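S.K.: starting from these lines, generate the structure:
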Amino acid sequence: MNVITLVGRAGRDPEVRYFESGTMVANLTLAVNAFKKDEEPDWFNLVIWGKQAQVAADYVKKGGLISVSGRSTTEKWIDKATGEQRSKPIVNVERIALCGSKRDSEGDGQPAPAAAPAHAFTPTPPMARAAAPQPAWNTAPISDEEVPF
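M.R.: Presented below is the predicted three-dimensional model:
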């Protein structure tokens, strides 16, 4: 069974091409971190077709965290300059999922909010929990305007 699933960061913005038939293809690279911090990431060439390519074109930006699944293949061609046969491994993506936060995808240069809202969860450090139990949630009242639904 030829199935590959990867989670990593886009190495560049997707390069998108359209065909006369209306079909769309997007190409990009994906950097997947190694298990050890001092190792370089593994790089994968991705080819994405159709509706998934449209998703990539609209939402994936350089550095964005994505998950892809598809199948591994080898692209082969003849080098015009040397006449030699060349090849490179690629991942034909069948499904793409955006994994980053909204803040990751915005990247508009705006600073992140400095403080969390009053009703946000604030974890208690382990040492403080052992010394004196504290509630994990702030008990400040919540107004109707702050409820998301």
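S.K.: for this protein, what's the longest helix?
M.R.: helix 50-59 (DSSP state H).
S.K.: quick one: contacts of it?
M.R.: For helix 50-59, the external contacting residues (CB atoms under 8 Å, 6 or more residues apart in numbering) are 14, 16, 23-26, 28, 48, 93-96, 98, 105. Just so you know, the C-beta spots here come from the backbone N, C-alpha and C atoms, and that holds for glycine as well.
S.K.: with stretch 76-85 instead?
M.R.: Contacts of stretch 76-85 (CB under 8 Å, 6+ apart): Arg86, Ser87.
S.K.: output the below-cut-off pLDDT ranges for the chain.
M.R.: 101-149 (pLDDT under 70).
S.K.: now do the strands in it.
M.R.: Remark: strands assigned in the chain by DSSP state E are 4-10, 15-18, 24-32, 42-49, 65-78, 85-98.
S.K.: for the last one, buried residues please.
M.R.: It stands for strand 85-98. Within strand 85-98, the residues that count as buried by 16 or more other CB atoms under 10 Å are Ile90, Val91, Asn92, Val93, Ile96, Leu98.
S.K.: hey, what's Ile90 bridged with?
M.R.: Here Ile90 sits in beta bridges with Thr73, going by DSSP bridges.
S.K.: cool, thanks, talk later.
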